[in-house]
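S.K.: fold the following for me, if possible:
(one chain, ligands or ions: 1)
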Amino acid sequence: MSLGKGWFTEVYEQGGSAFSLKIKGKVHEYQSRFQKIEVYETETYGYLMVIDGCTMVSTRENFFYHEMIAHPVLFTHPRPRRVLIIGGGDCGTLREVLKHPGVELAQQVDIDEGVTRAAEQYFPELCASNNDPRAELYFEDGIKWAAEADAGFYDIIIVDGTDPVGPGEGLFNEAFYRSCVRALGKDGLLVQQTESPLYHMKLLNDVRLAMKSAGFTGVHTLTFPQPIYPSGWWTATIATRSGAITGGREQDILKKPFETVYYNLDMHRAALAQPEFMKRELKG
Ligand code: SPD
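M.R.: Numbering: from 1, shown residues only. This is a model prediction of the structure:
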């Protein structure tokens, strides 16, 4: 059976697989200087943002990604106050970061203003904290931003980029991680979306080794469901400026003063657990 008109399909050629959503129609299309941004209204997933043909966020399930890229790392750092988000233009990660009352400053640096403008229109719930006095939004090159940041300024850097092609490519290499090591304080942590554990083991290992070579002392890859991305399963890799990554601040997770849909202490522990093939194959 072939799906055509009335469906959005992202084909993942290397995996020999595809993901489709039934759509009512395309409601937004914008070719920015960097990439093509589209938004579809779907039958059952609300709105769907697509960049250069790849699914980014849907109304129905973005909580998996945004909660899991933000809360595990924020609940691992002993006292996160200054957070830098590189990418993240749909503002969903920013909203999760600002749920933490101890955060004093959250800067979001995305190269493409077009992503944020589309999110404001079709995903206003993700942009709900954009006017929080602790939030600063910049539309600049995150690689340059990290390279020019004051040494030791940030507690946490979250790299919420696209796949490692196009504008996102430079966020996956040692030179970028070196800038991040410099920009982080002594307990500093970086977390980055690192693609699918089923399809992208080489990339995962390249990233982990590059993080170590750049000066991070420990790396840990966590996994979580991601229904709209290739394979339906995704990773984020946390890197630490000093020591190793152990569990989170468990008492604080239990008492978290905000609502989540997916994240809790059990999910934090589950995300840190490593399946056998990852124990065998992960390097770094
Ligand atoms: N295959 C798509 C990977 C995109 C990861 N970033 C998504 C942005 C959500 N804030």
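
S.K.: so which bits of the chain are right by the ligand?
M.R.: Contacts of the chain with the ligand, taken as C-beta under 6 Å from any ligand atom, map to 54, 56-57, 65, 88, 90, 92-93, 160, 162-163, 193, 229. Every residue, glycine included, has its C-beta placed from N, CA and C.

S.K.: give me that answer again for 8 Å
M.R.: 51, 54-57, 62, 65-66, 69, 87-90, 92-93, 160-163, 168, 193, 195, 229-230, 234 (C-beta under 8 Å from any ligand atom).

S.K.: for the residue nearest to the spatial centre of the chain, give me phi and psi.
M.R.: Nearest to the geometric centre of the chain sits Asp160, at 3.3 Å (C-alpha atoms, centre = their mean). Asp160 adopts backbone torsions of phi -110, psi 70, taken as degrees, to the nearest 10.

S.K.: please name the nearest non-neighbouring residue to it.
M.R.: Once flanking residues are discounted, Asp160 sits nearest to Gly88: 3.8 Å by C-beta to C-beta, 6 or more residues apart in numbering.

S.K.: contacts only, for that neighbour.
M.R.: 94, 108, 110, 158, 160 (C-beta atoms under 8 Å, 6 or more residues apart in numbering).

S.K.: out of those residues, give me the one that has the most neighbours.
M.R.: With neighbours taken as other C-beta atoms under 10 Å, the top of the contacts of Gly88 is Leu94, carrying 31 neighbours.

S.K.: helix, strand or coil for the closest residue to Lys99 other than its chain neighbours?
M.R.: Nearest non-adjacent residue to Lys99, counting by C-beta to C-beta, 6+ apart: Phe258, 4.1 Å away. Under DSSP: H, G, I helix; E, B strand; the rest coil, Phe258 falls in the coil class.

S.K.: can I assume the residue nearest to the centre of the chain is in contact with Thr93?
M.R.: Yes: counting by C-beta atoms under 8 Å, Asp160 does reach Thr93; the two are 4.7 Å apart.

S.K.: joint contacts of those two?
M.R.: Both Asp160 and Thr93 are contacted by 69, 85, under the criterion C-beta under 8 Å, 6+ apart.

S.K.: what about the longest strand in this protein?
M.R.: Taking DSSP state E as the criterion, the chain has its longest strand at strand 17-31.

S.K.: just checking, what packs against that one?
M.R.: Applying 3 or more C-beta pairs under 8 Å, 6 or more residues apart in numbering; DSSP states H and E, one finds that strand 17-31 contacts strand 7-12, strand 36-42, strand 47-51, helix 113-122.

S.K.: so which bits of it are buried?
M.R.: For strand 17-31, a neighbour-count test (16 or more other C-beta atoms under 10 Å) marks 19, 21, 23, 28 as buried.

S.K.: next one: stretch 134-141
M.R.: 134-135, 137, 141.

S.K.: do stretch 152-168 as well
M.R.: So for stretch 152-168, counting by 16+ other C-beta under 10 Å, buried means 154-164, 167-168.

S.K.: measure the residue nearest to the centre of the chain to Glu281 for me?
M.R.: As judged by C-beta to C-beta, to the nearest Å, Asp160 and Glu281 stand 25 Å apart.

S.K.: do me a favour and get the end-to-end distance for stretch 267-284?
M.R.: Distance across stretch 267-284, first residue to last, is 24 Å (C-alpha to C-alpha, to the nearest Å).

S.K.: returning to that earlier point: any idea which of the buried residues of stretch 152-168 is least confident?
M.R.: Lowest pLDDT of these: Pro167, 78.

S.K.: got the phi and psi for it?
M.R.: Main-chain torsions, Pro167, degrees, to the nearest 10: phi -60, psi -20.

S.K.: ok, it - contacts?
M.R.: By C-beta under 8 Å, 6+ apart, the residues touching Pro167 are 34-35, 111-112, 161.

S.K.: is Ala271 within a helix or a strand, and which one?
M.R.: Assigned by DSSP states H and E, Ala271 belongs to helix 265-272.

S.K.: pull out the buried positions in that helix.
M.R.: Neighbour counts using 16+ other C-beta under 10 Å place 265, 267-268, 271-272 of helix 265-272 among the buried residues.
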